[in-house]
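Peer 1: what would the 3D arrangement of this be:
(2 chains)
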Amino acid sequence: MRISVLGSVSLHLFILFFTIVSLPLFNNDELEIPPVIQVELIEIAEKTNVPQISKKKEDKKPEKENKEEEQKLNQPIQKPKEEKSNEKVKDPSTEEKIENITTEEKMIQNMPVRKPEIKKKDKFDPLKLAELIDKQKDTKMDNPEEIIEKDYEALDSTPSLDKRLTLSEEDAIRAQFMRCWSIPLGIPYDDTMIVKIKVYLNTDGSLLKPPEVLQHERMNKPSEKYFRTLAESALRAVRRCDPIKVPDLEKYDNWKNLQMNFDPRKILRG
Amino acid sequence: MKKLLLYVFIAFNFSSISFAIIEIDITEGNREPIPLAISEFFHDNNSEIIDKKITENIRTVISDDLKRSGLFSTIDDKAFIQNNRAMHLKPRFADWRLIKAQGLLTGELSIEDDRLRVEFRLWDTFAEKEIEGLVLITTIDNWRRISHMIADKIYERLTGEEGYFDTRIVYVAEEGPKNKRIKKLAIMDQDGANHKFLTSGKELVLTPRFNPVRQEITYLSYFKNLPRVYLLNIQTGIQEVVGDFPGMTFAPRFSPDGGKIIMSLAREGNSDLYVMDLTTRIVERLTDSPAIDTSPSYSPDGKKITFNSDRGGSQQIYVMDSNGRNQKRISKEGGNYATPVWSPRGDLIAFTKFFQGQYFIGVMRTDGSGERLLTENWYQEAPSWSSNGRVLIFYRETKANDAGDGHSSSIWSIDLTGFNEREIITPVDASDPSWSKLIQ
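Peer 2: Numbering: from 1, shown residues only, chains lettered A, B, ... in the order given. Below is the predicted model of the structure:
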């Protein structure tokens, strides 16, 4: 009995081992390694990117939605325009998000009854699946953890991934400034000859306030007269381009402040 | 603990705001000339002293200087919207921006103690501020120099580089048939005005060179059929021979401080480089090779000398220390090289190159790298730098036809970028130009 069991086991093991080791050997065809395609990940135009706002709308479909609030959600773009008159730079996305939270908070107050219902439902009833989904949607908003997470999101004012400027949008801005900039060709080559200018824009692409040279300490040094000339030419370019044609308003957050690096070094080197 | 984590998280998120701004690099720009509006200079009722001509001429000279540089264009005054005198105090910038002027020049003239007082202001129409303003007082006849000085100020303020308009050019004026050519020294402003001959033409003259600090030129002239290096004071007209050498001396050039002359001295078929101190008259030998060493030129700091020599079999450019040590060939590409001249900026050496039957004017870095040929022609040579190291002048000859007619030579200028090639009009044929520094 033991022998037969051992024999059987060892035979089985042998077959298993043979299968693993030898089967691929029968196949002598050389493995075709697919050609390596280098893929560079870039930001593409927003049409192919699902806008963040529309995603949010899908997520949040409270049944008893206040229509006014919905409108606000759908038109966050208009916000900055109102600010323009106040001459203040606010972060509209933050505002929008805070607004969302207040909406959510209101909803919590409006629907206190449903919350315990779901918690009590331990048994899974496939017939009431649809109902369950509906309610989960509602409860999603009610979950306090979720709200805290939203809170973080509201505090995060860094540009989100799908609102970032695409390469083509950046290029469009760059091209405009290139046309406006008359390079002072007389400046001798120097590795430090680069002017960084911060530009503040309104929603229509006009200048919100005068452009700032970030290296302002170099502007008034008598030994830096070439830098001053370069900086002045760059400032002229920014003003000459005013107003610029701007990318999508949805991305206003990302392009309302821009840093333009005017770098003539390659040209001056010859 | 949770709270602490929350704060850390919030702090982290806020700290990243500063990195959020999008940076856009602008590495190219518009190379079109910068459009400027040069308005006529206003003046009170001094019409018996300041005639309309002077006000017009000042404006024309400034405009022409700036346009010739290739870096500026001027806007026709018919397009001007604001024409009143108020613009000299506070221009209506929007009106000037509308006609695409990036800069505006306004000015006023008046007479003070029989002297001409010229006040000008340069405005940045986009920044809406005055960026340069100056008052110059001179004799009325001197209006042309004043105009060049104003053009220099504008050029300097907008390009960051010293101007070169208040300068002069000395050259060899040529007349007569090719086999019986009369060659005289002539001098003129860089725009061709105030032309005058300095020598009578009895003796052949060649290679005039300006002293960088004094109103003085050195040149080569033949005396008893022997070429000799001479010095000529432009103001006094006094002329003298530099040293008394047993052989021929040629290709003279001043040191950057104007105190020495470096030249070639030929003896028994071999020519070497010598330097002479003009105060002590002590002569020092710098090279000692059996080949022909000639066309020396100092670096602006006076520490190095570039010259050409055929010691390697063909004519090439060499660089050495000012005491003659560390001689090293720098020209590397094919062809023959001649007349190296060190840029006043110190970073480049200009030269004439002969390659495949054509003559080129080009520049290279001081180690011989980065050779760039700026212009090509049937025959051209002898580049000379503008005081700011931005423009080169040289002379070019046209080919005579089979009947022997049509030969001429003229002075041309070209920008360091290889653009903006222009002829400088002279009353007679011209060769071998030398450009002065800014007149002090």
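
Peer 1: the strands in the stretch 101-250 of chain A, which residues?
Peer 2: A:195-201, A:207-213 (DSSP state E, counting those that start in this stretch).

Peer 1: can I get these in CSV including distance to residue B:359?
Peer 2: (C-beta placed from N, C-alpha, C; glycine too.) Output for those, formatted as CSV (distance: least, CB to CB, whole Å):
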stretch, distance to residue B:359
strand A:195-201, 40
strand A:207-213, 46
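
Peer 1: figure out which of those is closest to chain B.
Peer 2: Across those, chain B has its closest neighbour in strand A:195-201 (7.6 Å, CB to the nearest CB).

Peer 1: tell me the helices and strands packed up against the closest one.
Peer 2: Under the contact criterion of 3 or more CB pairs under 8 Å, 6 or more residues apart in numbering or on different chains; DSSP states H and E, strand A:195-201 touches strand A:207-213, helix A:225-240, strand A:257-262.

Peer 1: pLDDT on that strand, on average?
Peer 2: Averaging pLDDT along strand A:195-201 yields 93.

Peer 1: wait, is residue B:108 part of a helix?
Peer 2: No: Residue B:108: not assigned to a helix; according to DSSP: H, G, I helix; E, B strand; the rest coil it is strand.

Peer 1: residues touching it, list them.
Peer 2: Residues in contact with residue B:108 (CB atoms under 8 Å, 6 or more residues apart in numbering or on different chains) are B:41-43, B:85, B:88, B:118-120.

Peer 1: ok, which pair from those residues is furthest apart?
Peer 2: Spanning the widest gap among these are B:85 and B:118, at 15.3 Å by CB to CB.

Peer 1: least confident secondary structure element in chain B?
Peer 2: The helix or strand of chain B with the poorest confidence is helix B:2-15; it has a mean of 57 (mean pLDDT, DSSP states H and E).

Peer 1: quick check, central residue of chain B?
Peer 2: residue B:386 (1.2 Å; CA atoms, centre = their mean).

Peer 1: test my guess that that residue contacts residue B:435.
Peer 2: Yes: the criterion here is CB atoms under 8 Å, and residue B:386 meets it with residue B:435 at 5.6 Å.

Peer 1: which residues do these two both contact?
Peer 2: Each of B:164, B:167, B:393 lies in contact with both residue B:386 and residue B:435 under the rule CB under 8 Å, 6+ apart.

Peer 1: element containing the last one?
Peer 2: Using DSSP states H and E, the element containing residue B:393 is strand B:391-398.

Peer 1: what helices and strands are in contact with the helix or strand following that strand?
Peer 2: From strand B:391-398 onward toward the C-terminus, using DSSP H and E, the following helix or strand is strand B:408-415. When contacts are defined as 3+ CB pairs under 8 Å, 6+ apart, strand B:408-415 sits against strand B:168-175, strand B:372-377, strand B:391-398, strand B:422-424, strand B:429-435.

Peer 1: phi, psi for the residue in the stretch 51-200 of chain A that chain B sits nearest to please.
Peer 2: Among all residues of the stretch 51-200 of chain A, residue A:186 sits closest to chain B, at 3.2 Å; criterion: CB to the nearest CB. Here is the backbone geometry of residue A:186 (degrees, to the nearest 10): phi -80, psi -10.

Peer 1: quick check, it in contact with residue B:389.
Peer 2: No: Residue A:186 lies out of contact with residue B:389 (CB under 8 Å); the separation is 9.8 Å.

Peer 1: thinking again about what came up before, phi, psi for the residue nearest to the centre of chain B please.
Peer 2: Dihedral angles (degrees, to the nearest 10) for residue B:386: phi -70, psi 160.

Peer 1: mind checking how far it is from chain A?
Peer 2: Remark: distance between residue B:386 and chain A (CB to the nearest CB, to the nearest Å) = 11 Å.

Peer 1: which positions in stretch B:176-195 come out as buried?
Peer 2: Buried residues in stretch B:176-195, counted by 16 or more other CB atoms under 10 Å in any protein chain shown: B:181, B:183-191.

Peer 1: repeat for stretch B:194-208
Peer 2: Quick answer for stretch B:194-208 (16+ other CB under 10 Å): B:198-199, B:201, B:204-208.

Peer 1: show me the contacts for residue A:201.
Peer 2: A:207-208, A:244, A:246, A:255-258.

Peer 1: same question but for residue B:153, I mixed them up
Peer 2: Contacts of residue B:153 by CB under 8 Å, 6+ apart are B:120, B:122, B:132, B:134, B:163.

Peer 1: the stretch 51-200 of chain B against chain A: which residues are in contact?
Peer 2: Residues of the stretch 51-200 of chain B lying close to chain A (CB under 8 Å from any CB of the partner chain) are B:71, B:102, B:124, B:126-127, B:131, B:155, B:157-161.

Peer 1: one more time with 7 Å, if that's ok
Peer 2: Taking CB under 7 Å from any CB of the partner chain as the contact definition, the stretch 51-200 of chain B meets chain A at B:71, B:102, B:124, B:126-127, B:158-161.

Peer 1: same deal with the stretch 201-350 of chain B?
Peer 2: So the stretch 201-350 of chain B meets chain A at residue B:345 (CB under 7 Å from any CB).

Peer 1: so, low pLDDT: which residues of the stretch 201-350 of chain B?
Peer 2: Counting by pLDDT under 70, the stretch 201-350 of chain B contains no low-confidence segment.

Peer 1: in the chain, which spans are helices?
Peer 2: The chain I'm using is chain A. Using DSSP state H, the helices of chain A run over A:2-26, A:52-59, A:67-74, A:78-86, A:92-110, A:114-120, A:129-142, A:144-155, A:167-180, A:216-219, A:225-240, A:252-255, A:265-269.

Peer 1: wait, chain B was what I had in mind.
Peer 2: Taking DSSP H to define them, one finds helices in chain B at B:2-15, B:52-68, B:93-98, B:143-159.

Peer 1: nearest to residue B:339, of those helices?
Peer 2: Closest to residue B:339 of those is helix B:52-68 (CB to CB; 24.0 Å).

Peer 1: which other helices and strands does that closest one contact?
Peer 2: When contacts are defined as 3 or more CB pairs under 7 Å, 6 or more residues apart in numbering or on different chains; DSSP states H and E, helix B:52-68 sits against strand B:34-38, strand B:72-74, helix B:143-159.

Peer 1: of the ones you listed, which is nearest residue B:307?
Peer 2: Closest approach to residue B:307 among the helices and strands packed on helix B:52-68 is made by helix B:143-159 (31.8 Å; CB to CB).

Peer 1: now the angle between helix B:52-68 and the closest one, please.
Peer 2: Here helix B:143-159 runs at an angle of 40 degrees relative to helix B:52-68 (axes from the mean of the first three to the mean of the last three CA atoms, to 10 degrees).

Peer 1: so how far is residue B:92 from the nearest residue to residue B:396 once chain neighbours are set aside?
Peer 2: Excluding the flanking residues, the one nearest residue B:396 by CB to CB, 6 or more residues apart in numbering or on different chains is residue B:380, at 4.1 Å. Relative to residue B:92, residue B:380 is positioned 48 Å away (CB to CB, to the nearest Å).

Peer 1: between these two, which has more neighbouring residues?
Peer 2: residue B:380 (21 against 14; other CB atoms under 10 Å in any protein chain shown).

Peer 1: wait, residue B:355 touches residue B:334, no?
Peer 2: Yes: Residue B:355 is within contact range of residue B:334, at 6.3 Å (criterion: CB atoms under 7 Å).

Peer 1: more neighbours: which of those two?
Peer 2: Between residue B:355 and residue B:334, residue B:355 has the larger neighbour count (other CB under 10 Å), namely 15 against 9.

Peer 1: all good on my end, thank you.
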